[in-house]
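Asks: any chance you could fold what I've pasted below:
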Amino acid sequence: MRFQTLLVPAVLIRRYKRFLADARLEDGTEVTAHCANPGSMMGLADPGTRIWLEPNDDPKKKLKYGWRLVEHDTGHFTGVDTSVPNRALKSALLARAIPELAHYPLVRPEVKYGEKSRIDFLLSGDDLPDLYVEVKSVTLSRNPGLAEFPDSVTARGAKHLAELQNMVAAGHRAMMFYLVQRTDAETVTLAHDIDPTYAAAFDAARAAGIEVMAYGCTLSPDGIDIGAPLPFHR
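Replies: Here you go, the predicted structure:
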């Protein structure tokens, strides 16, 4: 999945009000960018970090830049836009590029279910149980090679786990799909110290039959694609 416009490098000045970031372009111009990430962005939002912004000329948008990537000193990248995983996974599902899910012919995004919730993807097909897939963007890494979710307390995430557990009880399949937006990740786990309530909800949901899958990404200023599966450890 390519970015809509060519990304430009910048240096982060500060992130504030969760969804705003000031940055300095290479020519010295200071701009404000939209930060599409409600999490803490632990380890990703330090002033002086090299980042990549996507310009736009959409008159409907107040901000003319969107923050898409962090470039680490190691040369690895982290994607910070939490809307990207759903779009990338949708493309992969439609292209039958996820082998474990390729036998599902029908892919429907944002389907209402449960108590005023929407599932990211509902997969279905003749003689197949419906599969409810909830996607989570993983960006936190506090130890080399280890990606963790979540990076902040997520009551919404725990609610999603309970909703999926209900789908399993009703005879459907349900899956948590953790898409790791880091090119330096080798394994995935839960940050139980950050949100023990989410970790407990995850354990209960998994014991009830919810499936878990984790995939990495290939990331660069050119775009993002689904990468290889990653081992998930609890």
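Asks: let's see stretch 155-172 as PDB, backbone CA atoms only.
Replies: Extracted in PDB, the C-alpha atoms of stretch 155-172 (Å, rounded to 0.1, in the frame of the first residue of the first chain):
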ATOM      1  CA  ALA A 155     -10.800   0.300  28.100                       C
ATOM      2  CA  ARG A 156     -12.100   0.100  24.500                       C
ATOM      3  CA  GLY A 157      -9.700  -2.700  23.800                       C
ATOM      4  CA  ALA A 158     -11.000  -4.700  26.700                       C
ATOM      5  CA  LYS A 159     -14.600  -4.100  25.500                       C
ATOM      6  CA  HIS A 160     -13.700  -5.500  22.100                       C
ATOM      7  CA  LEU A 161     -12.300  -8.700  23.700                       C
ATOM      8  CA  ALA A 162     -15.600  -9.200  25.600                       C
ATOM      9  CA  GLU A 163     -17.600  -8.600  22.400                       C
ATOM     10  CA  LEU A 164     -15.500 -11.200  20.600                       C
ATOM     11  CA  GLN A 165     -15.900 -13.700  23.400                       C
ATOM     12  CA  ASN A 166     -19.600 -13.400  22.900                       C
ATOM     13  CA  MET A 167     -19.300 -14.100  19.200                       C
ATOM     14  CA  VAL A 168     -17.400 -17.300  20.100                       C
ATOM     15  CA  ALA A 169     -20.100 -18.300  22.500                       C
ATOM     16  CA  ALA A 170     -22.600 -17.800  19.700                       C
ATOM     17  CA  GLY A 171     -20.800 -20.400  17.500                       C
ATOM     18  CA  HIS A 172     -18.700 -18.000  15.400                       C
END
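Asks: quick one: it to chain centroid distance?
Replies: With Cα atoms, centre = their mean, to the nearest Å as the basis, stretch 155-172 stands 19 Å off its chain's centre.
Asks: by residue count, what's the longest helix in the protein?
Replies: Counting by DSSP state H, the longest helix found in the chain is helix 155-169.
Asks: mind checking how far the residue nearest the centre of the chain is from H103?
Replies: Centroid check for the chain by Cα atoms, centre = their mean gives S137 as the closest residue, at 1.8 Å. From S137 across to H103, the span is 25 Å (Cβ to Cβ, to the nearest Å). Backbone N, C-alpha and C define where each C-beta goes, glycine included.
Asks: then P144?
Replies: P144 sits 36 Å away from H103, going by Cβ to Cβ.
Asks: list the buried ones in stretch 213-230?
Replies: Buried positions in stretch 213-230, judged by neighbour count with 16 or more other Cβ atoms under 10 Å: M213, A214, Y215, G216, C217, L219, P221, I224, I226, G227, L230.
Asks: from these, which ones fall inside strands?
Replies: With strands taken from DSSP state E, the overlap with the buried residues of stretch 213-230 comprises M213, A214, Y215, G216, C217, L219, I224, I226, G227.
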